[in-house]
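Colleague: Need a 3D model of the sequence below.
(chains A and B)
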Amino acid sequence: MDCDRVRELLSDYLEEALADGDRAAVAAHLDGCARCAAEAAGLSETIALLSALPAEKAPPELLGRVMAEIGRDAAGTPDGGKRLTLPRFKIPVEAAAAVFLLLLVYGIQRGMPVRTALPRGGNDSPQTAATPIPEAVPAQPGASPLPGTPPSPRLAAKERRAVATPEKIVRTDPGRAPSAAPESAPAPERAVLPAATARADSSAGGPSPGAAKREAGEFAAEARGAASAMNTGRAGPAAPAAPPAQALAGVTVLPAVAAAGPSPDEEPVAPKVFAAPPSRMFKSVPYGREVTLEVVSAEREGIEERIVAAAQRFGGGVHPGIALRAERAQPLLPGAVRVHLPRDSAGAFLDALNEIGTIPPEGMPAGSDLPAGPAPGTVSYTVRIRVR
Amino acid sequence: MDPTATPRGGNPPGSGGAARPADVLVEAARKGRPGAFEAIVRAHQDRVYAFCSRMLSDREEALDVAQDVFLSAYRSLAGFRGDASLSTWLLKIAANRCLNVIRRRSARAGKETSFSGIGGGEDGDLPFEPPGRDEDRPDRIVEERELGAILMRALGRIEPEARTLVLLSDVEGLSYEELADAAGLPLGTVKSKLHRARMALRKMLAPAV
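Modeller: Next up is the predicted model:
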């Protein structure tokens, strides 16, 4: 038996786990090979050292913490201790089903193509409707960001198309949209709510167009309420007189669209949207997780760029919609920066933020690894800047 | 030293440190008897915590993970078949939890944080350097508890999976079969991985032992 083979067998030899023949061969080799014998002795000593590691006592609070958690568990379970006797497979299956459904709905919302076909006079060529940038943030310093829809590159692309062809935003299509539209909602809101108008368009095989438009109008009002409610995450009541779209600084609404009021010869034509219902599409969902970053006033200048640079350093960046605005000579939104980055870099990014400023305990996001970014495996953060 | 001596210390192979009365406690805890699970925690907390602490080299994290291990065990007691001893089962849960923590830690830092806390060194990212010949005098070892620190630092340098095997085998005294069950690996794979891990440790510790 050569040295290499003996060394392979040393652990088994020391464990007395070798067959008699091998054991005798290894022993004979060790007798005649000082190098392997030294190796065996060293290995044996290493194992002995490991087994002699001093016992370590658990901190006294461990027991208390465990029992407190168990107490909370039992208190939160209607049948208390009987929970232990439940078949083990039940809860996981139900939980898995719930998670699956959640993911399904989420996937439908985000993954389905949002096609905005605006037929004009029988022409079925796709047209474009103005799309809001829902993640836009009011420009007032310290104001809460306007809750946005799940970010989507498609929305940014739609917005880009809307910039190129503002005159195509509102269409006349008397055949499709009879009478009731003007009082349903003012044009700006309709123009920025493709999902709502999509419901109206898809009404050919469903409810009446009027009903669909009413729904769209209600939804527009809901969205206005949401805008005024800012960061509440819930849709607020409709304002009796909605402010002009431009009044919401940071909300990108095209001037041509915003200026266009209801016109007797123009009817909004709903785009086709293959996505979740409007109530879901435009539910006010905050963008990612919120982090509050405190900085001293002397270091306030350029803080947005530093945050974005930190995100970029970890393979992320500013959200495409915001980047788009930057292209239009609108610098980063003051007061808040919305970035996304790979999920694995979330912790490092938060650490980097702590180097830029200070994240107070109450400003730390509850979790850092929940995928809430624009794509699977990414996270998004709204970093709100607070000047001390 | 007699190379044929069994390397295992106070933990007899295969026992996992478990005693049959543990089964009685498990049964009582399953039935929701007051104090039964607390007795289980009392009986195993030191061992589970020590394992987590050695795996993670972070006492706070070890405390969290140990808590998580017992909570997980409490919630899964119905599924504990008793094939393994209770302590082996708890250590298996602990090993998986620790490996998860290390993976998350590695993902965050880009590489695993090593045992900087043990031994007081800030050289966690530096190559492992065992003490030189003139540094391993017995008086120095005794004085600074160098050997234990060196051992822990060396453990921190081997792969987490290998560390798990070494700790479960050579510190906790699990048998090869229990190791294979805990690691979810074939017996032969466990043997070879454990041997490689021991050899790697030996190589690192050679100047000191």
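Colleague: dump the residue contacts of the closest residue to B:Lys191 other than its chain neighbours.
Modeller: The spatially closest residue to B:Lys191, leaving aside those adjacent along the chain, is B:Tyr176, at 6.1 Å (CB to CB, 6 or more residues apart in numbering or on different chains). The way it works is simple: take the backbone N, C-alpha and C, and place the C-beta from them, glycine included. B:Tyr176 makes contact with A:Glu15, A:Ala17, B:Ser169, B:Leu187, B:Val190, B:Lys191, B:Leu194, according to CB atoms under 8 Å, 6 or more residues apart in numbering or on different chains.
Colleague: mind listing the strands for the stretch 251-388 of chain A?
Modeller: For the stretch 251-388 of chain A, strands defined by DSSP state E, counting those that start in this stretch occupy the ranges A:289-295, A:317-318, A:336-342, A:378-387.
Colleague: Please identify the most buried of those.
Modeller: Compared across these, strand A:336-342 shows the largest average neighbour count, a mean of 25 (mean count of other CB atoms under 10 Å in any protein chain shown).
Colleague: what's the angle from it to strand A:289-295?
Modeller: 120 degrees (axes from the mean of the first three to the mean of the last three CA atoms, to 10 degrees).
Colleague: Partner strands of strand A:336-342, with direction?
Modeller: In the sheet, strand A:336-342 lines up against strand A:317-318 (antiparallel), strand A:378-387 (antiparallel) (DSSP bridges).
Colleague: Okay, and the beta partners of the closest residue to A:Arg386 other than its chain neighbours?
Modeller: In space, A:Arg386 comes closest to A:Glu294 once its chain neighbours are excluded; the distance is 4.9 Å by CB to CB, 6+ apart. Per DSSP bridges, the residues bridged to A:Glu294 are A:Thr358, A:Arg386.
Colleague: May I have the residues that are in contact with A:Glu294?
Modeller: A:Gly357, A:Thr358, A:Ile359, A:Pro360, A:Gly363, A:Arg386, A:Val387, A:Arg388.
Colleague: Tell me the confidence at the third one?
Modeller: With respect to pLDDT, A:Ile359 has a value of 83.
Colleague: That one contacts A:Val295, correct?
Modeller: No: if you go by CB atoms under 8 Å, A:Ile359 and A:Val295 don't touch, sitting 10.6 Å apart.
Colleague: Quick check: A:Glu69 vs chain B, distance?
Modeller: Per CB to the nearest CB, to the nearest Å, A:Glu69 is found 5 Å from chain B.
Colleague: packing partners for whichever strand or helix holds that residue?
Modeller: Using DSSP states H and E, A:Glu69 sits in helix A:61-76. Helix A:61-76 is packed against helix B:36-56, helix B:59-75, with contacts defined by 3 or more CB pairs under 8 Å, 6 or more residues apart in numbering or on different chains; DSSP states H and E.
Colleague: Could you list the low-confidence segments of chain B?
Modeller: B:1-22, B:110-146, B:208-209 (pLDDT under 70).
Colleague: switch to 80 and redo it
Modeller: Counting by pLDDT under 80, chain B has low-confidence residues at B:1-24, B:34, B:79, B:81-84, B:108-149, B:206-209.
Colleague: what's the single longest helix in it?
Modeller: helix B:86-109 (DSSP state H).
Colleague: Perfect, that will be all.
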